[in-house]
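> Need a 3D model of the following:
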Amino acid sequence: MPTKLFDLKGKIALISGASRGIGEFAARLLAEQGAHVIVSSRRQESCEVVASSIREAGGSAEAFACHAGSMEDIESLFNHIRNKHEQLDISINNAAANPYFGHILDTDLGAYTKTVDVNVRGYFFMSVEAGKLMRENNGGVIVNTASIAAIQPGPMQGVYSITKAAIVNMTRAFAKECGPLGIRCNAILPGLTRTKFASALFEHNEIYETAIQSIPLRRTAEPEDMSGTILYLVSDASKYTNGECIVVDGGLII
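Numbering: from 1, shown residues only. This next block holds a predicted model:
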């Protein structure tokens, strides 16, 4: 018999950082499973490109720009969701900032602030607002995109790695306090993934070659390699999974 474990029909799903990379592939897969997807990122035009292509493929999607580092943008986004949909079943925090690549001692205040504002404050208040909507509707699922840098700090990615470690504990804190409300919260920890966001790593030959030799699968990830794990975490297939941080890195950290 065909399984219904991954059926998302009738679900409203918000994905930040969905104009490209991991977020874009997640948006496309969730739409294929029947969810109405709200494609969000900083630029409306980029979001609309993805949302339009989902609709052209037969899915349901809309675009709504939101800079995860802006409290005003977050408020506007969730007011829109509340007014238009009156529910939110799935929220994927995937937008991230990593403006500085270099020795940790040379990190300036601007790079530090931007990274923390998006990766920690942004994830936190996106989760708070999503959780409030989910509480009103007796449940939902939050998924955070962290990184293996949360476990094993990335070379020349000090403050970024620190924020990703914060996301791991944030995931567990929300899971613990929101579980009784029927709200699950989990995280995915991608390894080295070929995205524009990670381009600095791919352009640094020494780091790249060292990483490849350390990955048992002998390749880096493509953005779509993360989609299946995200689908698992937002679907009924994981309905008893809460507070977990799933590493998807081809075996790199072992």
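> Q44 against E62, yeah?
No. In this structure, Q44 is not within contact of E62 by CB atoms under 8 Å, at 10.9 Å. For the C-beta atoms, the positions are set from N, CA and C on the backbone; glycine is no exception.
> I90 pairs with what?
With DSSP bridges applied, the residues forming beta bridges to I90 are A13, V141.
> Return, as residue ranges, the portions of the chain with sub-threshold pLDDT.
Residue ranges of the chain with pLDDT under 70: 1-2, 195-208.
> Nearest the geometric middle of it, what residue?
N94 (2.4 Å; CA atoms, centre = their mean).
> Touching, that one and S19? I think so.
No. Contact criterion CB under 8 Å: N94 and S19 do not qualify, at 10.3 Å.
> residue contacts, the residue nearest to the centre of the chain?
By CB atoms under 8 Å, 6 or more residues apart in numbering, the contact set of N94 is 15-18, 22-23, 26, 145.
> Same list (those) but as CSV, adding distance to A165.
Shown next, in CSV, are the contacts of N94 (distance: CB to CB, whole Å):
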residue, distance to A165
I15, 23
S16, 20
G17, 19
A18, 24
I22, 19
G23, 21
A26, 22
T145, 14
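> Highest neighbour count among the residues you listed?
The most neighbours of any of those, using other CB atoms under 10 Å, belong to I15, which has 34 neighbours.
> Find the helix or strand that the closest residue to it other than its chain neighbours is a member of.
Leaving aside its chain neighbours, I15 sits nearest to I92 (4.5 Å; criterion: CB to CB, 6 or more residues apart in numbering). I92 belongs to strand 90-93 when assigned by DSSP states H and E.
> I appreciate the help and will end here.
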